[in-house]
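Novice: Here's my sequence, what's the structure:
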Amino acid sequence: MPRVGVIALLQESNTFLDEPTTLHHFQEDLLVFGSAVRTALSSAHHEVGGFFAGLDEAGIEAVPIFAARAIPGGPIAAAAFDSLMDLLGAAVATAGPLDGLLAAAHGATVSERVPDVDGHWLAFVRARIGAVPLIATIDPHANLSPAMVAATDALVAYRTNPHLDQRDRGLEAARLMAATLAGRIRPTQAAAFPPMVINIECQDPASWPCLPHYEAAAGLREPFAALSDASTVPRGMMLSTSIVLGFPYADVHEMGVATIAVANDDVVAARTAADALAARLWDARTSFVPRLHGHEEVITAALALPAPVCLLDMGDNVGGGSPGDGMLIARTLDGRRIANAFACICDPEAVSAARAIGIGGSFVGAIGGRSPVWQREPASGPLATRWHVRRLTDGRFHEQQPRHGGATSFDQGPTAVLESDRGLTVMATSRRMPPFSLEQVRHAGLDPAAFRLLVAKGVHAPLGAYAEVCPSFVRVDTPGVTTADLSRLDYRRRRRPLFPFEPEASAGPCPAAGPA
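Specialist: Predicted coordinates:
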């Protein structure tokens with residue numbers, strides 16, 4: 001029976017944050033070895049769960065090796081990254097001989113010393129396993145690098161945003177591995193890198209402007225998907241195609257759009273397909289420049305929509321690394337005396353104050369807006385008023401349905417539900433928690449459907465959960481380290497020229513990456 005290793009190292013790094021991601025952040029979320037990897041992830045709606053299911057389906061022995069994940073945040077501290085590499089190297093060394101490796105990478109991970117973390121660790125693993133097949137999954141928010149392409153036989157990106165297909169992409173990667181080990185296919189990949197950035201607001205594969213490009217990519221891989229397992233796979237047939245939307249909050253050279261094509265034993269076919277997909281995106285580049293809407297305008301419009309309305313706070317997107325305590329929308333709702341409004345804010349000090357007073361008590365104080373990023377944005381600073389303590393919880397909850405990120409268990413630390421005199425409900429948490437699950441609201445005895453307005457600190461990811469109760473979503477152009485107005489960010493390391501920063505940028509020949 002072939003032995004295929006399973007590894008994951010996942011973190012989305014926002015380089016506009018000063019606070020680094022430490023080893024403690026991985027330990028808080030996920031840092032496991034050996035059989036504990038299977039225990040933690042085999043049943044999750046996650047690509048690693050798909051790895052295990054696909055290998056089991058093919059009768060291949062899965063060898064769980066290492067899994068590390070941290071919530072999106074600042075770049076990984078140098079010492080923490082060194083520790084992760086030491087732990088990963090030791091785990092690979094104890095795994096024994098492998099016939100292949102499945103890896104889950106994010107693709108937009110940065111450390112203080114290594115800007116292309118995913119290219120680095122995939123090459124690190126490649127050097128230790130030798131020439132056996134290495135197939136990896138990546139997030140479509142990856143900033144793809146030639147090093148990632150060179151280290152792997154095939155890369156498969158998720159195709160949904162919110163990411164609800166993670167387990168399916170893990171299954172796809174495992175099935176490619178099984179077909180490779182059986183000798184049916186020889187994955188050969190190439191990538192293209194058009195000089196453009198897709199704004200985060202436009203990064204929805206299921207709608208315009210992304211949809212026609214995802215449909216074109218799907219059309220290229222459909223013939224292979226239609227083959228039976230017993231069929232011969234023609235040389236040059238497309239095995240997989242991916243569109244990589246990029247993560248604009250990592251100021252690195254690789255930041256931007258990319259396309260990937262994986263062909264059967266034909267690098268020319270792979271390059272041709274990757275270039276064709278890239279050319280389509282480039283030709284449509286102006287369609288990825290959105291019209292943004294400010295908070296006052298959006299809130300007024302939201303009040304005329306069917307309730308509950310989800311207000312998506314793009315500038316304080318926790319899933320993109322933001323601190324999650326920006327108060328601009330909450331302050332506006334409270335100031336306009338809009339009752340039945342809800343916001344979740346990370347504020348351990350407010351939680352401590354509420355716990356000291358207890359349920360039924362009240363206190364006058366400022367909550368939220370404590371992070372340094374708001375010092376230049378006073379409207380996002382703390383909201384001072386009288387707060388009534390309605391509920392206290394331990395902040396732990398579970399999600400059974402597939403949701404963005406694929407996690408099933410969550411811990412946002414001790415939590416307090418507070419209500420202002422003007423009717424604003426705030427859930428204050430001790431840890432940052434992206435709004436990926438409505439159980440975050442329900443675990444405290446609140447009914448999300450009972451609110452008129454719900455503030456979710458995200459752009460696309462919250463839809464995977466909030467669509468259950470919200471008929472209406474409105475994106476709000478707010479300031480912060482995940483602002484949708486990219487002109488507000490001070491880029492120093494990105495490629496130049498890049499459209500739309502440099503409107504005169506020329507595509508030229510799309511640079512390809514892949515085996516010679």
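Novice: what about the spatially closest residue to Asn317 that is not a sequence neighbour, distance to Pro209?
Specialist: Distances taken as C-beta to C-beta, 6 or more residues apart in numbering place Thr482 nearest to Asn317, at 3.9 Å, with adjacent residues excluded. Where C-beta positions appear, they are placed from N, C-alpha and C, glycine not excepted. Distance of Thr482 to Pro209, computed by C-beta to C-beta, to the nearest Å: 20 Å.
Novice: same question, Val318
Specialist: From Val318 over to Pro209 the distance is 25 Å, taken as C-beta to C-beta.
Novice: how close does the residue nearest to Asn317 sit to Leu312?
Specialist: Distance of Thr482 to Leu312, given as C-beta to C-beta: 11 Å.
Novice: what sits in contact with each of these two?
Specialist: Here Thr482 and Leu312 share the contacting residues Val459, scored by C-beta atoms under 8 Å, 6 or more residues apart in numbering.
Novice: more neighbours, those two?
Specialist: More crowded of Thr482 and Leu312, by other C-beta atoms under 10 Å: Thr482, with 29 against 26.
Novice: so what's that one up against?
Specialist: Asn14, Ile200, Tyr249, Met314, Gly315, Asp316, Asn317, Gly320, Gly321, Ser322, Val459.
Novice: Could you list the low-pLDDT ranges of the stretch 51-200 of the chain?
Specialist: Applying pLDDT under 70 to the stretch 51-200 of the chain flags no residue at all.
Novice: Can you dump the C-alpha atoms of stretch 417-426 in PDB for me?
Specialist: Extracted C-alpha coordinates of stretch 417-426, given in PDB (Å, rounded to 0.1, in the frame of the first residue of the first chain):
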ATOM      1  CA  VAL A 417     -23.100  40.700  25.600                       C
ATOM      2  CA  LEU A 418     -23.600  44.400  26.300                       C
ATOM      3  CA  GLU A 419     -26.500  46.800  25.400                       C
ATOM      4  CA  SER A 420     -26.300  50.600  25.200                       C
ATOM      5  CA  ASP A 421     -29.100  52.900  26.300                       C
ATOM      6  CA  ARG A 422     -29.800  53.500  22.600                       C
ATOM      7  CA  GLY A 423     -30.500  49.900  21.800                       C
ATOM      8  CA  LEU A 424     -27.100  48.800  20.300                       C
ATOM      9  CA  THR A 425     -26.100  45.300  21.200                       C
ATOM     10  CA  VAL A 426     -22.400  44.500  21.300                       C
END
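Novice: What are the boundaries of the strands in the stretch 301-450 of the chain?
Specialist: With DSSP state E, counting those that start in this stretch as the criterion, the stretch 301-450 of the chain has strands at 309-313, 341-346, 362-367, 383-393, 396-398, 409-411, 415-420, 424-429.
Novice: List of residues touching the fifth one?
Specialist: Strand 396-398 is contacted by residues Thr408, Ser409, Phe410, Asp411, Gln412, Ser437, Glu439, Gln440, Arg442, His443 when judged by C-beta under 8 Å, 6+ apart.
Novice: any idea how far it is from the chain center?
Specialist: 20 Å (C-alpha atoms, centre = their mean, to the nearest Å).
Novice: buried ones in that strand?
Specialist: In terms of neighbour count (16 or more other C-beta atoms under 10 Å), strand 396-398 has its buried residues at Phe397.
Novice: Where does the prediction get shaky in the protein?
Specialist: In the chain, residues with pLDDT under 70: 508-516.
Novice: can you give me the helices for it?
Specialist: 23-29, 35-41, 47-57, 78-94, 117-129, 146-151, 166-181, 211-226, 267-283, 295-302, 328-335, 348-357, 439-442, 463-466 (DSSP state H).
Novice: Can you name the residues that contact the closest residue to His106 other than its chain neighbours?
Specialist: Nearest in space to His106, with sequence neighbours left out and distances taken as C-beta to C-beta, 6+ apart, is Leu10 at 4.6 Å. Going by C-beta under 8 Å, 6+ apart, Leu10 touches Ala68, Arg69, Ala70, Ala104, Ala105, His106, Thr109, Asp139.
Novice: Quick one: neighbours of the last one, just the number.
Specialist: Translated: Asp139. Around Asp139 there are 25 residues (other C-beta under 10 Å).
Novice: so it touches Gln11, yeah?
Specialist: No: using C-beta atoms under 8 Å, Asp139 is not in contact with Gln11, being 10.4 Å away.
Novice: list residues touching both of those two?
Specialist: Common neighbours of Asp139 and Gln11, using C-beta under 8 Å, 6+ apart, are His106.
Novice: right, and Arg113 touches Ala77 too?
Specialist: No: at 9.5 Å, Arg113 does not count as touching Ala77 under the criterion of C-beta under 8 Å.
Novice: what about those two, which has more around it?
Specialist: Using other C-beta under 10 Å as the criterion, Arg113 and Ala77 rank with Ala77 on top: 19 against 14.
Novice: and the spatially closest residue to that one that is not a sequence neighbour, how far is that from Val252?
Specialist: Spatially, and ignoring its direct neighbours in sequence, Ala77 is nearest to Pro20 (4.0 Å; C-beta to C-beta, 6+ apart). With distances taken as C-beta to C-beta, Pro20 is found 15 Å from Val252.
Novice: ok, those two, which is more surrounded?
Specialist: Between Pro20 and Val252, Val252 has the larger neighbour count (other C-beta under 10 Å), namely 21 against 18.
Novice: Give me the neighbour count for the closest residue to that one other than its chain neighbours.
Specialist: Spatial nearest neighbour of Val252, excluding adjacent residues (C-beta to C-beta, 6+ apart): Pro115 at 4.4 Å. The local packing of Pro115 (other C-beta under 10 Å) involves 22 other residues.
Novice: thought Asp313 was touching Lys457?
Specialist: Yes: using C-beta under 8 Å, Asp313 makes contact with Lys457 at a distance of 4.6 Å.
Novice: what about those two, which has more around it?
Specialist: With neighbours defined as other C-beta under 10 Å, Asp313 and Lys457 compare such that Lys457 has more, 33 against 30.
Novice: I'd like to check which residues are in contact with the more buried one.
Specialist: Asp313, Asp316, Asn317, Val318, Gly319, Ser322, Gly324, Gly326, Cys344, Pro434, Pro435.
Novice: Reformat the contacts of Thr482 as a markdown table; add neighbour count and distance to Asp165.
Specialist: As requested, these are exported to a markdown table (neighbours: other C-beta atoms under 10 Å; distance: C-beta to C-beta, whole Å):
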| residue | neighbour count | distance to Asp165 |
| --- | --- | --- |
| Asn14 | 25 | 24 |
| Ile200 | 26 | 19 |
| Tyr249 | 27 | 23 |
| Met314 | 26 | 23 |
| Gly315 | 26 | 27 |
| Asp316 | 32 | 26 |
| Asn317 | 31 | 21 |
| Gly320 | 30 | 20 |
| Gly321 | 30 | 23 |
| Ser322 | 31 | 25 |
| Val459 | 26 | 18 |
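Novice: Redo those residues as JSON lines? Include distance to Gly294.
Specialist: Formatted as JSON lines, the contacts of Thr482 follow (distance: C-beta to C-beta, whole Å):
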{"residue": "Asn14", "distance to Gly294": "22"}
{"residue": "Ile200", "distance to Gly294": "17"}
{"residue": "Tyr249", "distance to Gly294": "20"}
{"residue": "Met314", "distance to Gly294": "11"}
{"residue": "Gly315", "distance to Gly294": "11"}
{"residue": "Asp316", "distance to Gly294": "14"}
{"residue": "Asn317", "distance to Gly294": "16"}
{"residue": "Gly320", "distance to Gly294": "19"}
{"residue": "Gly321", "distance to Gly294": "22"}
{"residue": "Ser322", "distance to Gly294": "18"}
{"residue": "Val459", "distance to Gly294": "16"}
